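Novice: what's the 3D shape of this:
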Amino acid sequence: MLKDQQPVMHEGVFSEYAESDLVIFGIPFDGTVSFRPGTRFGPQAVRQELDGLETYSPYLELDLVDYKICDLGDLTLPFGNTIKVMELIENEARSFVADNKKTLAVGGEHLVSYPLIKAHLEKYPDLHVVHLDAHADLRDDYQGEKLSHASVMRRVFDEMGAGEIWQFGIRSGTKEEFGFAAKNTVMQKFDLEGIEKIVGLIGDQPVYFSIDLDVLDPSIFSGTGTPEPGGVSFKELMNTMQQMTSLNIVGGDVVELSPHYDLSGVSTAVACKVLRELALIMVG
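Specialist: Take a look at the predicted model:
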């Protein structure tokens with residue numbers, strides 16, 4: 001298991017597993033990507049770039065060095081067996097949650113959120129999911145497949161039921177998906193307005209925070225498999241995340257970086273900064 005390994009990122013900054021409050025791990029999986037594959041390379045690209053990023057966040061006025069965070073590297077996953085991959089991810093996350101660790105996963109495609117959320121639901125039955133994305137991800141299936149990055153929030157709904165999934169930035173989906181959301185999730189289309197209101201509604205109840213990086217406009221984040229024009233700015237995302245510092249975020253993920261679609265490296269740099277901010281929000 002990953003927790004038996006040594007820390008990977010930022011030697012001298014990241015802690016050992018036993019003493020950590022938050023564990024970070026990569027999930028290099030893109031087995032159900034419907035357009036442009038490549039998110040399996042996201043975690044490796046983030047690690048290479050993260051060494052060049054300051055540990056201090058001027059947005060939050062917090063520093064990674066002041067907290068007990070452990071990076072455990074990447075899961076080893078089989079090719080061609082999505083069900084087995086889901087089981088492996090869920091089992092790994094369950095072991096972290098059982099050890100009272102907060103978890104932060106680096107994707108990978110968005111389907112990886114499903115087993116991660118399932119693992120957290122076992123310990124936190126009153127869990128809320130906050131979902132930032134360009135896409136609704138509420139299809140019941142995609143081309144006959146129930147397990148797809150296009151249906152991840154529908155599978156989460158199957159586990160949680162109505163009223164506990166909060167979606168922001170959504171600007172793409174089928175007519176049926178938007179109709180389903182109107183009855184079963186709380187959806188803010190096109191932008192991130194209103195997050196400050198849900199902070200008060202959720203209070204200190206546990207939260208899983210999933211950030212699909214294509215919520216950002218492609219002019220900022222082009223390194224993704226399904227770019228959607230009309231997204232939010234990086235400043236908007238940072239302002240939104242600052243508003244969520246009081247939430248009890250017990251698990252999270254940053255997904256859908258496909259680094260080789262942006263040879264400038266800007267998208268990877270953006271992913272690293274989002275990861276740093278989310279990690280600090282979770283521990284700080």
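
Novice: Show me which residues of stretch 100-111 are buried.
Specialist: Within stretch 100-111, the residues that count as buried by 16 or more other Cβ atoms under 10 Å are K101, K102, T103, L104, A105, V106, G107, G108, E109, H110, L111. Bear in mind the C-beta positions are built from the backbone N, C-alpha and C, glycine included.

Novice: and what of stretch 22-29?
Specialist: L22, V23, I24, F25, G26, I27, P28, F29.

Novice: Equivalent analysis for stretch 84-92, please.
Specialist: V85, M86, L88, I89, E90, E92.

Novice: One more: stretch 253-263?
Specialist: The neighbour-count check on stretch 253-263 (16+ other Cβ under 10 Å) flags D253, V254, V255, E256, L257, S258, P259, Y261, D262 as buried.

Novice: Including pLDDT and distance to P206, could those go into TSV?
Specialist: Formatted as TSV, the buried residues of stretch 253-263 follow (pLDDT from 0 to 100; distance: Cβ to Cβ, whole Å):
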residue	pLDDT	distance to P206
D253	98	15
V254	98	19
V255	98	20
E256	97	24
L257	98	26
S258	97	30
P259	97	31
Y261	97	34
D262	97	34
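
Novice: which of those residues lies closest to D51?
Specialist: P259 (15.1 Å; Cβ to Cβ).

Novice: which one is that closest one nearest to, not counting chain neighbours?
Specialist: A45 (3.8 Å; Cβ to Cβ, 6 or more residues apart in numbering).

Novice: Read off the pLDDT value for the one you found.
Specialist: pLDDT for A45: 97.

Novice: what's near enough to touch it?
Specialist: A45 is in contact with L257, P259, T268, A271, counting by Cβ atoms under 8 Å, 6 or more residues apart in numbering.

Novice: 10 Å - rerun?
Specialist: 26, 38, 106, 223, 257-260, 262, 265, 267-269, 271-272 (Cβ atoms under 10 Å, 6 or more residues apart in numbering).

Novice: Among the buried residues of stretch 253-263, which are located in helices?
Specialist: Using DSSP state H, no member of these sits in helices.

Novice: Rebuild those as JSON lines, extending it with distance to L201.
Specialist: Listed next are those as JSON lines, based on distance: Cβ to Cβ, whole Å:
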{"residue": "D253", "distance to L201": "22"}
{"residue": "V254", "distance to L201": "24"}
{"residue": "V255", "distance to L201": "25"}
{"residue": "E256", "distance to L201": "27"}
{"residue": "L257", "distance to L201": "30"}
{"residue": "S258", "distance to L201": "34"}
{"residue": "P259", "distance to L201": "36"}
{"residue": "Y261", "distance to L201": "37"}
{"residue": "D262", "distance to L201": "36"}
